[in-house]
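Visitor: Quick one, structure for this:
(chains A and B)
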Number of protein chains: 2
Amino acid sequence: MNQPKIKHALPVTRDEDFAQWYQSVISEAELAEESGVRGCMVIKPWGYGIWERIQKLMDERIKEAGVENCYFPLFIPLSYFSREAEHVEGFAKEMAVVTHHRLIGDGKGGLIPDPEAKLEEPLIVRPTSETVIGAAMARWIQSWRDLPMLTNQWANVVRWEMRTRMFLRTSEFLWQEGHTAHADEADAMAETLRSLEMYRSFAEDVLAMPVIAGPKPENERFPGAVETFSIEAMMQDGKALQAGTSHYLGTTFSSAAGIRYQDKEGQQALCHTTSWGVSTRMIGGVIMTHGDDDGLRTPPQIAPQQIVILPMLRENDGDAALLTYCETLRADLLKQSAFGERVRVLLDKRPGKATAKRWAWVKKGVPLILEIGGRDAEGGQVSVLRRDRLWNDAAKANFAGMARDEFVVAASAELEDIQRAIHAEALARRDAQIVRDVTDLAGLSTYFAEDRKFPGWVELGWAKPTGAALDKVVEQLKALKLTIRNTPMGAAPASGTCIFTGEPAVETIYIARSY
Amino acid sequence: MNQPKIKHALPVTRDEDFAQWYQSVISEAELAEESGVRGCMVIKPWGYGIWERIQKLMDERIKEAGVENCYFPLFIPLSYFSREAEHVEGFAKEMAVVTHHRLIGDGKGGLIPDPEAKLEEPLIVRPTSETVIGAAMARWIQSWRDLPMLTNQWANVVRWEMRTRMFLRTSEFLWQEGHTAHADEADAMAETLRSLEMYRSFAEDVLAMPVIAGPKPENERFPGAVETFSIEAMMQDGKALQAGTSHYLGTTFSSAAGIRYQDKEGQQALCHTTSWGVSTRMIGGVIMTHGDDDGLRTPPQIAPQQIVILPMLRENDGDAALLTYCETLRADLLKQSAFGERVRVLLDKRPGKATAKRWAWVKKGVPLILEIGGRDAEGGQVSVLRRDRLWNDAAKANFAGMARDEFVVAASAELEDIQRAIHAEALARRDAQIVRDVTDLAGLSTYFAEDRKFPGWVELGWAKPTGAALDKVVEQLKALKLTIRNTPMGAAPASGTCIFTGEPAVETIYIARSY
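Guide: Numbering: from 1, shown residues only, chains lettered A, B, ... in the order given. Now for the predicted structure:
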């Protein structure tokens, strides 16, 4: 017998064209769309609902760490950046510049910036807020008693990007940026590592997205940082995605902004600062970690709805009883808890064919779909579809019949099992795609040059060169379109020889293509 | 005997200088401060915590109404406004205009906008999002089945203000903006009134701020709106504050953006749209409604912390037992619910004198302050200060001793009583300051011109003139620095004669000075 052929919900599969597939998930799951404004997207309800979940659960962790939320201005005077540019090499200059504060008619029915309303000093739309928060900290901090100062903001930021891709690289994006000031390096470094670990565990536990946490190489540091740490996730095409960063900034920004404190001996000292952030980019990571050829599979922890009930309405007299059955079911499910929160359940009563509605929810990746027909209602049954086990052997949607009361009791365990299952799947895939047998540059080149559709990551030991020697390594990698991602925290010391320098290897790094 | 004299916590009282008092509450309660960026403020943790509470409780109401959150771009192309300007008379033009996307060194160590990076079309920082959301709705809406479309976003917006005042009028502010599209006027008007009522009950129940809800006069409508409704609150200086608006936009914006749908008969029709918003301005309203000469009195529903426990630490061996007592007390209080949520309790263990800490919390307006000394701990007692009953007859902080277990049980009722008490106080004050005996223009002038420090509102009937007749009324009022606030919903029909036109009055209006 022939294997029955699955007819997938998306117009393009990962295998056919990964980039097109990514766009197609975003569009078919109604996560976001192009806005008509260059580099800016519209985040639609399901996509924004995922962001709201991420915000809520991350914000709890941020507050738990004693960090206080504030809000700082969208606009930063140009002079703040001039000051920063003196302190920071490699400082990025692609920013949105506000030069006028009024429009005026052009005399031809259109509008132009009013030449009379030119700003004396241009304002920059914040690309990140180190400078303006640094200025505030310089006002707020007087003595060692004020330290550590732990602040965070949830905000939009703008970086003028030439090539944009939804969620991954947009001119405007949403994020949180933590900014902290400390008395000394040890305390600042502890905070840098605390937030790194917060991001690592968040990615693993909440997003079900395996990540490697550790320091970036010197050439990949945030301009001005003494040390930059990242979490790196492997997408299904083998590329790496930097999904969060935490920076130890030393005294670079405190020097620029004058963040000083009087220590216990009465001496003035510069603070040591940190910054750390995650953004809507995480949603891109979730899509490329958990999406399949039928759309997104939304991790239950961040799914705006975890269970959708679809009554198979027939527009006849039976509908009333069916709806009552579904409403009672919803009410009973709402009493259940998963992951320490109330289960989120939607009863989708909109008009339309149940099958069309089912596939819309499959593409959005709601973890559990219940279809309820008149006979289910009469028999006290539900028909359950787990999004992570969508197809049966007959290439049909893998519905399982279940007693309704049994499902109500089992629902939270089922959700928690889906969360575990998609994490395990992603972890196994990532680990299978990490290659450890590359012993020289030619081998590296061969691995990535081979007719391998989705090469993974190469793990190897290197001598951690600096300066010109590092520049040479970066150049060699660039020619292969590769970058060093990071050094895993807590890895055993590397052994063997550095493939770049021939010197003894001192630490482990991951090399990959990346987003 | 002389009346003991209270020594208030603020450097200036409401009576001495209301405007200075307002600034002083903001500064002493650490709500916000000037940022160094023109017209933009830094919202500090206590102020932002209040905004987070407002967001959470308003967002629940918005979602409950079936409205879905989205996110739309910060930048709006200039051409969108040109299109709007054709449709909308009186369209405001004070906006931040982005003209360049890169900085470059000026050769003298500074930075300037790169002349090579001038945008072909300037971008406007959104002052409100009707145009860009309208463009999205035009894409999203095809048929009557797509209606109503109910969207909302939480966002920052920018309006270039010449004279700014923190929370009340800042160039950048935070808000939510609801935007909805409907098949016809009746449905759109129902949504306009639903959100108005949501704002009214939110102001009364959550902010404990009495408001009058109703339509604004024609001259005060949002440009392009067919009808604008507002909630108006009376500040302690008698001035009115417009604390939220809801607009029925008719087909003005749907014509400009082409938001059309196919009706059940297959005909194309324009949608009727609405928009509605509240902003960080509400916090200004809370300050001027509930603040007193000792700082803010934060309504318990929006207080980031509802109870603060202050252990009177002596830096000796007794501190450990005292802290244990306080921690257990906090844990027990956290099990209590007020307003359907868990009680929010902070144990303030920071170093510093208990009295200094007490007054810092008084100024922030935390509803209940507990001071706990070693003897309280030994005797199972607490010493409780209700922020709304701060002073006793001896002009001392009005602490009451209580058995600790008794307080734990009573805490939520106490918080709910404070919420009620400050609402009742504000309501009584407002109603006492509404004047109804003005029968002619001279009387109006006399009432507001008198040596009355804080004149209130004048309620009167008018003939609701339009066009040139209305312009004349507006001019007359402007000469007295007065505006018409709104017409109360559901008021009895007005009787008597319109003081402006001499015609029979047809509806009731409020006239006031305003923010």
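
Visitor: I'd like the next helix or strand past the helix or strand harbouring A:Glu327.
Guide: Counting by DSSP states H and E, the element that carries A:Glu327 is helix A:319-334. Once helix A:319-334 ends, the next helix or strand along the chain (criterion: DSSP H and E) is strand A:337-338.

Visitor: so for that next one, what's the average pLDDT?
Guide: Throughout strand A:337-338, pLDDT has a mean value of 98.

Visitor: ok, is that strand in contact with chain B or not?
Guide: No. No part of strand A:337-338 sits near chain B under the criterion C-beta under 8 Å from any C-beta of the partner chain; the closest distance found is 15.4 Å. Using the backbone N, CA and C atoms, a C-beta is placed for each residue, glycine as well.

Visitor: after that strand comes which helix or strand?
Guide: Once the chain leaves strand A:337-338, the next helix or strand it forms, by DSSP H and E, is strand A:341-342.

Visitor: and that following strand, anywhere near chain B?
Guide: No. Using C-beta under 8 Å from any C-beta, strand A:341-342 stays clear of chain B, with a minimum separation of 13.2 Å.

Visitor: Identify the residues contacting that strand?
Guide: When contacts are taken as C-beta atoms under 8 Å, 6 or more residues apart in numbering or on different chains, the neighbours of strand A:341-342 outside the stretch itself are A:334-336.

Visitor: Distance from the chain centre to that strand, please.
Guide: Shown here is strand A:341-342, whose average C-alpha point lies 23 Å from the average C-alpha point of the whole chain (C-alpha atoms, centre = their mean, to the nearest Å).

Visitor: At which residues are the helices of chain A located?
Guide: Taking DSSP state H to define them, one finds helices in chain A at A:18-28, A:45-64, A:78-87, A:130-140, A:185-205, A:252-257, A:281-290, A:319-334, A:354-364, A:374-379, A:404-432, A:441-449, A:467-479.

Visitor: From the contact counts, what lies against the last one?
Guide: With contacts defined as 3 or more C-beta pairs under 8 Å, 6 or more residues apart in numbering or on different chains; DSSP states H and E, the packing partners of helix A:467-479 are strand A:483-484.

Visitor: Also the third one?
Guide: When contacts are defined as 3+ C-beta pairs under 8 Å, 6+ apart, helix A:78-87 sits against strand A:118-125, helix A:130-140, helix A:252-257, strand B:103-105, strand B:111-113.

Visitor: Now do the second one against helix A:78-87, angle only.
Guide: Read that as helix A:130-140. Orientation check (axes from the mean of the first three to the mean of the last three C-alpha atoms, to 10 degrees): helix A:130-140 against helix A:78-87 gives 100 degrees.

Visitor: Can you name the residues of the stretch 151-300 of chain A sitting close to chain B?
Guide: Checking the stretch 151-300 of chain A against chain B by C-beta under 8 Å from any C-beta, the hits are A:151, A:155-156, A:158, A:160, A:171-172, A:174.

Visitor: repeat that for 6 Å
Guide: Taking C-beta under 6 Å from any C-beta of the partner chain as the measure of proximity, the stretch 151-300 of chain A contacts chain B at A:156, A:160, A:172.

Visitor: Just name the closest of those to chain B, please.
Guide: The shortest approach to chain B among those belongs to A:Trp160, at 4.2 Å (C-beta to the nearest C-beta).

Visitor: Pipe the residues of the stretch 151-300 of chain A next to chain B into JSON lines and attach distance to B:Ala492 and pLDDT per row.
Guide: Formatted as JSON lines, these follow (distance: C-beta to C-beta, whole Å; pLDDT from 0 to 100):
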{"residue": "A:Asn156", "distance to B:Ala492": "47", "pLDDT": "98"}
{"residue": "A:Trp160", "distance to B:Ala492": "59", "pLDDT": "92"}
{"residue": "A:Glu172", "distance to B:Ala492": "50", "pLDDT": "97"}
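
Visitor: Closest to A:Val206 out of those residues?
Guide: A:Asn156 (22.1 Å; C-beta to C-beta).

Visitor: so what's that closest one up against?
Guide: A:172, A:174, B:74 (C-beta atoms under 6 Å, 6 or more residues apart in numbering or on different chains).

Visitor: For the nearest residue to the last one once chain neighbours are set aside, which residues count as its bridge partners?
Guide: The reference is to B:Leu74. The shortest distance from B:Leu74 to any non-neighbouring residue, by C-beta to C-beta, 6 or more residues apart in numbering or on different chains, is to A:Glu172 (5.1 Å). Under the criterion DSSP bridges, A:Glu172 forms beta bridges with A:Val158.

Visitor: List the contacts of the residue most central in space within chain A.
Guide: For chain A, the residue nearest the mean C-alpha position is A:Met282 (0.9 Å; C-alpha atoms, centre = their mean). When contacts are counted by C-beta under 6 Å, 6+ apart, A:Met282 touches A:Ala243.

Visitor: that older thread, weakest of the helices of chain A in terms of mean pLDDT?
Guide: For the helices of chain A, the bottom mean pLDDT is recorded on helix A:78-87, which sits at a mean of 84.

Visitor: picking that back up, TSV please, covering the residues of the stretch 151-300 of chain A next to chain B and showing distance to A:Arg139.
Guide: Formatted as TSV, the entries for these read as follows, by distance: C-beta to C-beta, whole Å:
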residue	distance to A:Arg139
A:Asn156	24
A:Trp160	30
A:Glu172	28
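
Visitor: Phi, psi for the spatially closest residue to A:Ile112 that is not a sequence neighbour please.
Guide: Closest residue to A:Ile112 apart from its sequence neighbours, by C-beta to C-beta, 6+ apart: A:Asp106 at 4.6 Å. Backbone torsions of A:Asp106, given as degrees, to the nearest 10, read phi -90, psi 10.

Visitor: could you measure A:Asp106 against A:Ala117, distance?
Guide: Noted for A:Asp106: a distance of 14 Å to A:Ala117, by C-beta to C-beta, to the nearest Å.

Visitor: ok, A:Val308 to chain B distance?
Guide: Computed as C-beta to the nearest C-beta, to the nearest Å, the A:Val308 to chain B distance reads 15 Å.

Visitor: what's across from that residue in the sheet?
Guide: Residues in a beta bridge with A:Val308, per DSSP bridges, are A:Leu346, A:Ile369.

Visitor: OK, contacts around it?
Guide: Taking C-beta under 6 Å, 6+ apart, we find A:Val308 in contact with A:346, A:348, A:361, A:366, A:369.

Visitor: What is the nearest of those to chain B?
Guide: Ranked by distance to chain B (C-beta to the nearest C-beta), the contacts of A:Val308 are led by A:Leu346 at 11.5 Å.

Visitor: For whichever residue of the stretch 351-500 of chain A sits closest to chain B, what are phi and psi?
Guide: For the stretch 351-500 of chain A, the residue closest to chain B is A:Pro351, as judged by C-beta to the nearest C-beta, at 6.7 Å. In this entry, A:Pro351 is assigned phi and psi values of phi -70, psi 160 (degrees, to the nearest 10).

Visitor: The helix holding A:Glu327 vs helix A:404-432, what angle?
Guide: With the same axes, to 10 degrees as the basis, helix A:319-334 and helix A:404-432 are set at 60 degrees to each other.

Visitor: hmm, who's touching helix A:319-334?
Guide: Defining contact as C-beta under 6 Å, 6+ apart, one finds that helix A:319-334 is touched by A:309, A:311, A:313, A:343, A:345, A:347, A:372, A:374, A:377, A:408, A:411.

Visitor: how about A:Met189, what does it touch?
Guide: Contacts here follow C-beta under 6 Å, 6+ apart; on that basis A:Met189 touches A:Tyr248.

Visitor: now it: how far from A:Gly250?
Guide: Relative to A:Gly250, A:Met189 is positioned 10 Å away (criterion: C-beta to C-beta).

Visitor: One more: A:Ala491?
Guide: Taken as C-beta to C-beta, the spacing of A:Ala491 relative to A:Gly250 amounts to 24 Å.

Visitor: So for those two, which sits in the more crowded spot?
Guide: Looking at A:Ala491 and A:Gly250 with other C-beta atoms under 10 Å in any protein chain shown, you find the greater number of neighbours at A:Gly250, namely 19 against 14.

Visitor: Now the more buried one: closest residue in space, sequence neighbours ignored.
Guide: Spatial nearest neighbour of A:Gly250, excluding adjacent residues (C-beta to C-beta, 6+ apart): A:Val226 at 3.8 Å.
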